[in-house]
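Trainee: Here is a sequence with its predicted model. Questions after.
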Amino acid sequence: MAKRKRNREQVKKAGLLPGTLVYTGQRMMESVKITVMDYDEQNFHEKQVQKIEDCFEFKTKPTVTWINIDGLHDAKIIEKIGNHYDIHPLVLEDILHIGQRPKFNDLEKYIFVVLMMLHFDEASQTVQSEQISFVLGSNYLISFQENIGDVFDQIRDRIRNAKGKIRKMNHDYLLYSLLDAIVDSYFSILEKLGEKIESLEEELSNNPEKKTLQQIHNLKREMIFLRKSVWPLRELISSLQRSESELIKDSTKAYLKDIYDHTIQVIDSIDSFRDIISSIQDLYLSIVSNRMNEVMKVLTIIATIFIPLTFIAGVYGMNFDNIPELRWKYGYAAVLLMMIAVSAGMLYYFKRNKWL
Amino acid sequence: MAKRKRNREQVKKAGLLPGTLVYTGQRMMESVKITVMDYDEQNFHEKQVQKIEDCFEFKTKPTVTWINIDGLHDAKIIEKIGNHYDIHPLVLEDILHIGQRPKFNDLEKYIFVVLMMLHFDEASQTVQSEQISFVLGSNYLISFQENIGDVFDQIRDRIRNAKGKIRKMNHDYLLYSLLDAIVDSYFSILEKLGEKIESLEEELSNNPEKKTLQQIHNLKREMIFLRKSVWPLRELISSLQRSESELIKDSTKAYLKDIYDHTIQVIDSIDSFRDIISSIQDLYLSIVSNRMNEVMKVLTIIATIFIPLTFIAGVYGMNFDNIPELRWKYGYAAVLLMMIAVSAGMLYYFKRNKWL
Amino acid sequence: MAKRKRNREQVKKAGLLPGTLVYTGQRMMESVKITVMDYDEQNFHEKQVQKIEDCFEFKTKPTVTWINIDGLHDAKIIEKIGNHYDIHPLVLEDILHIGQRPKFNDLEKYIFVVLMMLHFDEASQTVQSEQISFVLGSNYLISFQENIGDVFDQIRDRIRNAKGKIRKMNHDYLLYSLLDAIVDSYFSILEKLGEKIESLEEELSNNPEKKTLQQIHNLKREMIFLRKSVWPLRELISSLQRSESELIKDSTKAYLKDIYDHTIQVIDSIDSFRDIISSIQDLYLSIVSNRMNEVMKVLTIIATIFIPLTFIAGVYGMNFDNIPELRWKYGYAAVLLMMIAVSAGMLYYFKRNKWL
Amino acid sequence: MAKRKRNREQVKKAGLLPGTLVYTGQRMMESVKITVMDYDEQNFHEKQVQKIEDCFEFKTKPTVTWINIDGLHDAKIIEKIGNHYDIHPLVLEDILHIGQRPKFNDLEKYIFVVLMMLHFDEASQTVQSEQISFVLGSNYLISFQENIGDVFDQIRDRIRNAKGKIRKMNHDYLLYSLLDAIVDSYFSILEKLGEKIESLEEELSNNPEKKTLQQIHNLKREMIFLRKSVWPLRELISSLQRSESELIKDSTKAYLKDIYDHTIQVIDSIDSFRDIISSIQDLYLSIVSNRMNEVMKVLTIIATIFIPLTFIAGVYGMNFDNIPELRWKYGYAAVLLMMIAVSAGMLYYFKRNKWL
Amino acid sequence: MAKRKRNREQVKKAGLLPGTLVYTGQRMMESVKITVMDYDEQNFHEKQVQKIEDCFEFKTKPTVTWINIDGLHDAKIIEKIGNHYDIHPLVLEDILHIGQRPKFNDLEKYIFVVLMMLHFDEASQTVQSEQISFVLGSNYLISFQENIGDVFDQIRDRIRNAKGKIRKMNHDYLLYSLLDAIVDSYFSILEKLGEKIESLEEELSNNPEKKTLQQIHNLKREMIFLRKSVWPLRELISSLQRSESELIKDSTKAYLKDIYDHTIQVIDSIDSFRDIISSIQDLYLSIVSNRMNEVMKVLTIIATIFIPLTFIAGVYGMNFDNIPELRWKYGYAAVLLMMIAVSAGMLYYFKRNKWL
């Protein structure tokens, strides 16, 4: 689980001065990638900059500026942005400090939002998480991601091609669009997990194996992890919506209500999935135990039929000088008949008790 | 489960512009069916129209107009209605976007309600769901359904024949009547599931089989699905009732309180059913495990009686030259007596321990 | 379960006009029995009337009038009362509509209370329920019951004999007394169920049988049913107590607080009982599984002792021409000793492992 | 369980007039014991009175008067006190009516508090409960107990010897001291139960027996009982503390906060204990099931090794005229070697599968 | 568990006067260690004092004074501090009274905070707890610990070396820093437990042993203990943050919000860990039960194959004079072939039923 690895990082940090900027995640890239999009209804500029200072020119423009930073391991870059845009040290710390609980802070001059971007990794068949932070100022939006790759490509397209009303709208609508894309991506994860659950159910009704057990356990863990990630989001969106900050316009709040509904729906689905997985586990255990019973029954039937027969054979295998039956002409036939009678009796008893 | 299939549809939509009208359900009909009912206390008109424009004439009339649309796959029709009745794009999106959580929005000029219409499909023995949306304006009510067929036939009859006071009442009373019919239909689903539970219990006390297990699991899933569908309804009705919209009159609110009580009752029943199913599952597992014990006991009794006897027979089946007993005249009889004594002792021991 | 049968009745009603008066319970009596008690501190009249109209004379008197109606199948009688006392059609519907959730409605001119009267049926050993409704007006109290027979006999005695202060008090005190008698009767049901639980526990420690399992399941169902019936009562009494209706005097509210405390106590007891039943079930399963282990142990001990011995006997039962041991003089004795040694070793091993 | 016996008593009372004074507990003493302590900073009087009237002289004095009554079966005494101190009949009823839920009532002229005094009975190894009621007036405190013997001896000492500040303080501080002593005594019960849990855990890791199961069940029941007794106390203390009665001074309220903290701590501990007991039960069941597995393994190993060997011996015990092996010189030796090889193979197989 | 031992100590105290100062923990050191740090932005003094009176000189200075006391067994020292700094007796009692629930009290002239300092003891592999209390006055902070050794060394370094802004800040910031260090240390405990859980999971998938069960139980207990310790912290920090005390500045409150977020994160993690441990236990039990099934299957297969064969051998081992087959030339070969046929049939049956 990514989460626990993160706690480990955090530990290393424990005891440092509050406000010391140290990235607590894992370094996975060589250099930090900075992309700027600047637009209003008529104009659009997009560029990838090498130095963070190249972004600062947009600060004074009235256009919408979206600075996206992929990679947090270079604390100096974050510090420079912090200084330029006058961001509180504790906020910068939160941006770098991986493993944050999703939350929303209103700091008057700007709004800070941190949450989890999740995606389903096909290779490892697990849910991967990445922390994403947003700083929304009066005429800029800065987003901080751990790694390259996100769920915003369609939004970028819309901005480039002026599709929909995004170019006509303001910074807060851009933030809404990005949050909406993140929450929408949760549905595709639920979708994947739903498929896994369905295939588990099919597997169960056909042929439950030992690995099924491990899969159920893994699915449970995914659900626990997902729930822990999504649950605080509800609160976040709700406080964003009720926020009295002037940075979020009332028109955007109506859209946020929509995200809120989606978040509730995600949580509802996770809870239902957890219930279903519990039920599947019960089913699995019962099926296994039923099989065991069947095996036991076969053993019992075979054993209870043949043990008495073997005993009879044993009796007439004794070497006593004086066993009259042994001398009878049809002694052997009689014993064979007796054996048939005993096993028929047994079988009848089993039939009557519905064991066959 | 219908729900999960829907998530899949929704995924395809993720990333689209908010406000883009795309139907996310499954197309199941050729053409959209539009029915209009227009009435006041004296007059009544009913017609099935081909083009949605044919409905618009009623907009300016002071009578009660109910436009019912069966089929959502033709997004253009929905868009035309949206334009004519001035409905917000996000609302239109919600109407088309299958898999909504039941909710109520007050948009001043009109009220938007979306919920689930459930029915029990006898063929598949499962609960089927269909999304239904209502837009209640000052003098019209528009209802949007996915498929033809609903639970409103008795209400249509009442309108046609001026039974009850529905013709004397306003739009909001019509909405109440429709909601009431939907909630009432939940009772018949509970009824069906209650019967299934009762037959399960009877089956258990007679002859639990392996398929019982699967049935219990299926019932549990139905309950999880039902709870997820009905739970938000409580909130919906409650906010409808507390709403300050002028579109809902105080006289109607008293009736809404009645629906609210029914919803609570449905939720109570689902919770009780879930508890009962849990208890049935416990019972099933215990019965199966009890059976297993019985089988084991039989094996143990047979085996423990005959194993020592077979051993004795084996001893006297040995070929040693010098086994004095074999030469005794009544050696065979003595051994048989000994065997009878041993098995009697065993049986007594079992009796005393209450294994027989 | 009475409850589920009722849902079935309710279903038949679904789709009818709201306000149509149809009794949804089962008809169990020939005629409706109407009893009137009219009293103040000095005077007391009691009569059983044939026609409901005979009660109406009391309406204008300032005395306390209690009209009790046993039997709801004659909807006309209910309608007449409704008309005479000006009761809202929805209230009349609730009275006839069996399976109501306990609730309290303040309709200004009168108060409507509906709840469950429970009693323990000795014959079927189950909890039976009956719906009872009260309409409390300015100078009358009307009670509607499904069947003859209730828990109010002691209250009637008190009124007849002017015992206690009931004759000095008003209508609201009469309502309190009746509610108090109902809640008090819940204690006797708890008492019965508590005895059942205790006898179950005793049975368990002596000799758990298969039917114990079914009994535990039945008790669980009773508790689920009881909890569903009593839980809403808490809310009912609480809102009655906080009600601002002038029909309930402050002096009576102090008494209602007392009923409220009792209701909480009933709910507490039900919850404790549920926990205890769960614990009993765990105990039962463990006892059964322990027994199984004992049986298995006996089998294992017998089998593991005799199987090697039988093998040894088998070896010397072989017919090889050349088995030197068979020719030894004390070969038989040596083999017997070996067998004793083997079984002693086995027994010692079992002892050391505490299996004996 | 004491609780259920009480419900039974209560049942007998059901149907009586509210306000009728009947003691619903079990009579356990010959006569009622009445003790009076009267003190201020300088003076101290203590006496045991025969007649309740002997206490009444203190009513008019400004000193602190504590009347303690051990034994509730003489309803007349309670009635006399009620009359003299002007106590509401419902309060007197609650005092006599054993099995009350802990609660606090503010009746302006006096405060009524009823709760449970618990102690651990060493003989029966169970938690025993006794109801205690307090009536706090302007210059008196009356306490009603069922039986002689309580947890207040140290407080009596403090009053007698003017230890601490109790003699300088008022009635409300006396009430606080008594409540504090009761809540403190809960800790010693938790202590006892904690010891029992620890000894259970030790027993488990050494040698789980069948009676362990019963002990776990009993501990669970004690916890259920304890929780039911302590849970309402939280509310009681909290409302006492928030009370606006002039009888409780602000200085005392700070002390009540302390009791409140202790109550929360008791509830926390009970909840933790319940979780631990659940975990112990899981452990017990798993240990038992593990043992079973071990037993089964031994059986399986012995059986699977010897069954094939016995078969081989059986083959060469057959009496066919023409079995060439029987004539071989080293046939016997060869068979013995084969048997050793077979069992070695089996043992190797078991080793590889880690069954040994 | 440390907790339960503490309850035992507390019991000894029950019945004492409130306000009597008795240390209820275990004495673990010879003498009490008192350390003083006094600083402002320019100056810094640190000394270890022998007598508590040596600290009092700092009381009148405007600098920040941090008095840390390791060891609570000398109640006189605590009493002297109490007198000098005018601390309420109940607060002193709470400081000495080990086993407090974490809480915060605002006493106007000073603030009292008590909570748990946890650390993971590598030797016993358990979580150890120590109570720590803080008294924050207008220009001093006194901390009381049970034992020498804490998590504050890095904070001491920062003060000594004027690292970060701690020297520029006030008493409340010092308190925040200490609380932050404590909550941060919780993460390292979670880290340790997370590692234990991961190693448990690995062990499970490789080779579950009997001791795994005990480990799972121990981990569960740790989690129950941890949850009980951390849960009230949430409330504590929250009330500290909402406190209207002038001793805590608004600038510090922003930092407290940060601790609050961390506490929530710790609780979230504990809850997730509990869920995961539950799931691991389920997995363990299922694996064990699966193994059992495998063992049973082997037994069944071996037994069911050889029991019939042994029976056949037994039949031809009988000594009847007249068994024709015994005389046949190829009788032996025929029997051997029959045996092979029977076992092949059995194996085919097992294969078809997927038992092999």
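Mentor: Thanks, I have it.

Trainee: Span of stretch A:85-99 from start to end?
Mentor: 24 Å (Cα to Cα, to the nearest Å).

Trainee: I'd like the distance from that stretch to the chain centre, please.
Mentor: On the basis of Cα atoms, centre = their mean, to the nearest Å, stretch A:85-99 is displaced by 26 Å from the centre of the chain it belongs to.

Trainee: how far out from the middle of the chain is stretch A:198-214?
Mentor: Worked out by Cα atoms, centre = their mean, stretch A:198-214 lies 20 Å from the chain centre.

Trainee: how long is it from one end to the other?
Mentor: End-to-end for stretch A:198-214, by Cα to Cα: 16 Å.

Trainee: just stretch A:36-55 next, same as before
Mentor: End to end - Cα to Cα - stretch A:36-55 spans 7 Å.

Trainee: residues contacting the one residue in the stretch 201-350 of chain A that gets nearest to chain B?
Mentor: When distances are taken as Cβ to the nearest Cβ, the stretch 201-350 of chain A reaches nearest to chain B at A:Gly314, 3.2 Å away. Every residue, glycine included, has its C-beta placed from N, CA and C. By Cβ atoms under 8 Å, 6 or more residues apart in numbering or on different chains, the contact set of A:Gly314 is B:Leu309, B:Thr310, B:Ala313, B:Gly314, B:Gly317, E:Gly314.

Trainee: Next step: those restricted to helices.
Mentor: Counting by DSSP state H, the contacts of A:Gly314 place B:Leu309, B:Thr310, B:Ala313, B:Gly314, E:Gly314 in helices.

Trainee: Between these, which sits nearest chain C?
Mentor: Nearest member of these to chain C, counting by Cβ to the nearest Cβ, is B:Gly314, at 3.2 Å.

Trainee: measure the closest one to A:Val91 for me?
Mentor: To A:Val91, B:Gly314 is 86 Å away according to Cβ to Cβ, to the nearest Å.

Trainee: Could you do A:Glu191 as well?
Mentor: 34 Å.

Trainee: which of these two has more neighbours?
Mentor: A:Glu191 (22 against 16; other Cβ atoms under 10 Å in any protein chain shown).

Trainee: In a helix, the more buried one, correct?
Mentor: Yes - judged by DSSP: H, G, I helix; E, B strand; the rest coil, A:Glu191 forms part of a helix.

Trainee: measure it to chain D for me?
Mentor: Separation of A:Glu191 from chain D (Cβ to the nearest Cβ, to the nearest Å): 35 Å.

Trainee: about what we covered before: who's in contact with the closest residue to the residue of the stretch 201-350 of chain A closest to chain B other than its chain neighbours?
Mentor: Among residues not flanking A:Gly314 along the chain, B:Ala313 sits closest, at 3.2 Å (Cβ to Cβ, 6 or more residues apart in numbering or on different chains). For B:Ala313, the contacting residues are A:Phe311, A:Gly314, A:Val315, A:Gly317, A:Met318, B:Val335, B:Met339, by Cβ under 8 Å, 6+ apart.

Trainee: Off-centre distance for the helix or strand where A:Tyr348 lies?
Mentor: Using DSSP states H and E, the element containing A:Tyr348 is helix A:331-352. Using Cα atoms, centre = their mean, the mean C-alpha position of helix A:331-352 is found 60 Å from that of the whole chain.

Trainee: Correct me if wrong: A:Thr35 contacts A:Asn68.
Mentor: Yes - at 4.7 Å, A:Thr35 counts as touching A:Asn68 under the criterion of Cβ atoms under 8 Å.

Trainee: Of those two, which one has the most company?
Mentor: Just comparing A:Thr35 and A:Asn68: by other Cβ under 10 Å the higher neighbour count belongs to A:Asn68, 20 against 17.

Trainee: Let me know the pLDDT of A:Leu219.
Mentor: Listed pLDDT for A:Leu219 reads 90.

Trainee: Now do the contacts for the residue in chain A positioned nearest to chain D.
Mentor: In chain A, the residue that lies nearest chain D is A:Gly317 (6.9 Å; Cβ to the nearest Cβ). Taking Cβ under 8 Å, 6+ apart, we find A:Gly317 in contact with B:Ala313, B:Gly314, B:Gly317, C:Gly317, D:Gly317, E:Gly314, E:Gly317, E:Met318, E:Asn319.

Trainee: picking that back up, export the contacts of A:Gly314 as a markdown table, with columns for pLDDT.
Mentor: Below are those laid out as a markdown table (pLDDT from 0 to 100):
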| residue | pLDDT |
| --- | --- |
| B:Leu309 | 91 |
| B:Thr310 | 90 |
| B:Ala313 | 90 |
| B:Gly314 | 90 |
| B:Gly317 | 88 |
| E:Gly314 | 90 |
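
Trainee: Kindly indicate which of those residues lies nearest E:Asn206.
Mentor: B:Thr310 (42.0 Å; Cβ to Cβ).

Trainee: any idea where the helices of the stretch 201-350 of chain A begin and end?
Mentor: Secondary structure of the stretch 201-350 of chain A (DSSP state H, counting those that start in this stretch): helices located at A:210-242, A:250-315, A:324-327, A:331-352.

Trainee: The shortest one near chain D at all?
Mentor: No - legend: contact between helix A:324-327 and chain D by Cβ under 8 Å from any Cβ of the partner chain is lacking; minimum distance shown is 11.3 Å.

Trainee: Tell me who's in contact with A:Gly71.
Mentor: A:Met29, A:Ser31, A:Val32, A:Lys33, A:Gln145, A:Glu146, A:Asn147, A:Ile148.

Trainee: who wins for most neighbours among those residues?
Mentor: Neighbour max across the contacts of A:Gly71 (other Cβ under 10 Å) = A:Glu146, 23 neighbours.

Trainee: Next one: the spatially closest residue to it that is not a sequence neighbour from A:Val266, what distance?
Mentor: Distance criterion Cβ to Cβ, 6+ apart; nearest residue to A:Glu146, sequence neighbours excluded, is A:Glu130 at 4.8 Å. Separation of A:Glu130 from A:Val266 (Cβ to Cβ): 17 Å.

Trainee: again with A:Tyr110
Mentor: Taken as Cβ to Cβ, the span from A:Tyr110 to A:Val266 is 27 Å.

Trainee: Enumerate the residues of the stretch 251-356 of chain A near chain E.
Mentor: Checking the stretch 251-356 of chain A against chain E by Cβ under 8 Å from any Cβ, the hits are A:281, A:284-285, A:288-289, A:291-292, A:295-296, A:298-299, A:302-303, A:306-307, A:309-310, A:313-314, A:316-319, A:323, A:325-332, A:335-336.

Trainee: What is the burial count for A:Lys329?
Mentor: If we define neighbours as other Cβ under 10 Å, then A:Lys329 has 10 of them.

Trainee: That one contacts E:Asn322, doesn't it?
Mentor: Yes - between A:Lys329 and E:Asn322 a contact is recorded at 5.9 Å, counting by Cβ under 8 Å.

Trainee: follow-up on the earlier one: which of the contacts of B:Ala313 has the most neighbours?
Mentor: A:Gly314 (30 neighbours).

Trainee: how close does that residue sit to C:Met338?
Mentor: On the measure of Cβ to Cβ, A:Gly314 and C:Met338 end up 20 Å apart.

Trainee: A:Phe120 too?
Mentor: 67 Å.

Trainee: Have a look at these two and say which one is more surrounded.
Mentor: Ranked by neighbour count (other Cβ under 10 Å), A:Phe120 and C:Met338 place A:Phe120 first, with 18 against 12.

Trainee: In three-state terms, label that one for me.
Mentor: strand.

Trainee: How many residues are close by the closest residue to it other than its chain neighbours?
Mentor: Leaving aside its chain neighbours, A:Phe120 sits nearest to A:Lys192 (4.5 Å; criterion: Cβ to Cβ, 6+ apart). Using other Cβ under 10 Å, A:Lys192 has 19 neighbouring residues.
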